[in-house]
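Participant: coordinates for the following, if possible.
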Amino acid sequence: MFVETCIAPVNIALIKYWGKRDEELILPINDSLSATLSTDDMCAKTTAAAAASFADNVMWLNGEEVPFEQNPRLMRCLKELQQLAIAKGNLKFPIEWKLHIASRNNFPTAAGLASSAAGYACLVYTLAQLYGVESEELTAIARQGSGSACRSLHGGFVRWHMGTDHDGTDSVALPIVPAEHWQDFHILILVVNDSRKKTSSTVGMKRCVETSDLLKYRAQHCVPQRIAAITDAIKQHDFPKLAEITMRDTNQFHAIALDTFPPCVYMNDVSHAIVEFVHAFNKAAGEVKLAYSFDAGPNACLFLLEKDVSTALAAIQTSFPNDAGESVEYVKGIPIKCVEINAFSGDLPKHDKNLFKYIIHTRIGTGPQRLDKSQSLLNISTGLPFEN
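Facilitator: Residues are numbered from 1 along each chain as shown. Here you go, the predicted model:
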């Protein structure tokens, strides 16, 4: 039995990917740009095993068996990797051998926290290790599983180039700067709802392309300017500029979701309260210290610098009190030193208790990593998950 285990990060788009020009190859209608989060706090973990004794391809996700050969995106990724492995000519085992794959996320799945991006990036990276493939083509393969997965194959800040070729060969993700470039760039994720969203990103995007006039305007006129401006802000460590562009882009993305017919509603009342809070916080602070972004879900990703994390959390706790506020199960990830915020707490909106399920504190991170056999999700004697 040949076994590989890897982890891959979540990425959060500052300039959103929304809309495909090719559904099968997952080719976007605009470029996008993201921040890769640290795998220490949020990641997908995948073990892939190949053996002559396996009768069928089988996959388990978060402990539950899921369709494998009936999943066209998964099979496309697998076949592309197998073709690369054959072309490289360094296979360790016959290509006909079946696979057992187990994958787990240490964060909510399908709740608007980029779980599919981390999952497919991890799947492709792990299979590449298994088949002995090291190639720049991996982002183009991961893209065919879940579009934004291509961005999770790099660390730091990453740009997914939409490309123009019909076969998608130039629709790839490339790093802008590594994580080391902006080490004090941090993220607070406010988990409002960790249940599966009502309208999937795939369905929402398709409906949006078909019915939204705003989407076309954004792709053609807004995104190119924003990509150039935010890239410059990242290279210059200009946080206020990055923050404004990020917030404007997420606002426009959700406006486009509402411009879809019938509309797609991903944010909820608590999400809008977070938006109000961030603007109030920045006004009270006298400068832009905090930025929000929402993917296709109600949960907020707040971007900030390390020096402002303690103050921002204290402000969040003031505006959104929670009975579990002091619990390690409520504020997860990197520990945060508590501070007083009496200075401008009176300027912040006050809300009901317990509107968040929990908060994750993380930072900018690196890309996928290969793990040793001791961290396998499969029993290397049987090829089955340990729960079985």
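
Participant: going forward, measure contacts and count neighbours with C-alpha atoms only.
Facilitator: Fine.

Participant: can you give me the strands in the stretch 151-300 of the chain?
Facilitator: 157-160, 173-177, 185-191, 291-294, 300-305 (DSSP state E, counting those that start in this stretch).

Participant: tell me which of the ones you listed sits nearest to Phe93.
Facilitator: Distance to Phe93, taken as CA to CA, is lowest for strand 173-177 among those, at 29.9 Å.

Participant: other SSEs contacting that closest one?
Facilitator: Applying 3 or more CA pairs under 8 Å, 6 or more residues apart in numbering; DSSP states H and E, one finds that strand 173-177 makes contact with strand 157-160.

Participant: strands paired with the strand it packs on, and their directions?
Facilitator: strand 32-36 (antiparallel), strand 173-177 (antiparallel) (DSSP bridges).

Participant: low-confidence ranges, this protein, go.
Facilitator: Residue ranges of the chain with pLDDT under 70: 108-114, 194-197, 341-345, 387-388.

Participant: please parse it into its domains.
Facilitator: 2-179, 185-363 (automatic domain parsing).

Participant: which residue sits closest to Thr164, ignoring its sequence neighbours?
Facilitator: Asp170 (6.9 Å; CA to CA, 6 or more residues apart in numbering).

Participant: so that neighbour is in contact with Ile141, correct?
Facilitator: No: shown here, Asp170 and Ile141 do not form a contact pair, counting by CA atoms under 8 Å, at 11.5 Å.

Participant: which one's more surrounded, these two?
Facilitator: Remark: of Asp170 and Ile141, Ile141 carries more neighbours, 28 against 16, as counted by other CA atoms under 10 Å.

Participant: how about the more buried one, what does it touch?
Facilitator: Contact analysis of Ile141 by CA atoms under 8 Å, 6 or more residues apart in numbering lists 77, 80-81, 124, 150.

Participant: assign a three-state SS to it, would you?
Facilitator: What DSSP: H, G, I helix; E, B strand; the rest coil gives for Ile141 is helix.

Participant: now do stretch 285-293: distance to the chain's middle.
Facilitator: Distance, stretch centre to chain centre, for stretch 285-293: 22 Å (CA atoms, centre = their mean, to the nearest Å).

Participant: which other residues reach it?
Facilitator: 14, 239-240, 243-244, 246-247, 250, 275, 278, 281-282, 300-305, 308, 312, 344.

Participant: ok, now stretch 294-311?
Facilitator: Contact partners of stretch 294-311, identified using CA under 8 Å, 6+ apart, comprise 12-13, 16, 111-114, 184-193, 197, 201, 239, 243, 250, 266-268, 270-271, 274, 289-293, 336-341.

Participant: list the buried residues of that stretch.
Facilitator: Using 16 or more other CA atoms under 10 Å as the test for burial, stretch 294-311 gives 294-305, 309-311.

Participant: phi, psi of the residue of the chain positioned farthest from its centre?
Facilitator: Within the chain, the residue lying farthest from the chain centre (CA atoms, centre = their mean) is Ser53, at 35.3 Å. When read as degrees, to the nearest 10, the backbone of Ser53 gives phi -80, psi -10.

Participant: please renumber so the chain begins at 3
Facilitator: Will do, 3 is the new start, and the previous item becomes Ser55.

Participant: distance of it from Ser383?
Facilitator: 11 Å (CA to CA, to the nearest Å).

Participant: what does Pro177 give?
Facilitator: 39 Å.

Participant: what do you get for Val60?
Facilitator: From Val60 to Ser383 the distance is 16 Å (CA to CA).

Participant: out of these two, which sits in the busier spot?
Facilitator: Neighbours were counted for Val60 and for Ser383 using other CA under 10 Å; Val60 has more, 17 against 7.

Participant: touching, that one and Leu101? I think so.
Facilitator: Yes: contact criterion CA under 8 Å: Val60 and Leu101 qualify, at 6.5 Å.
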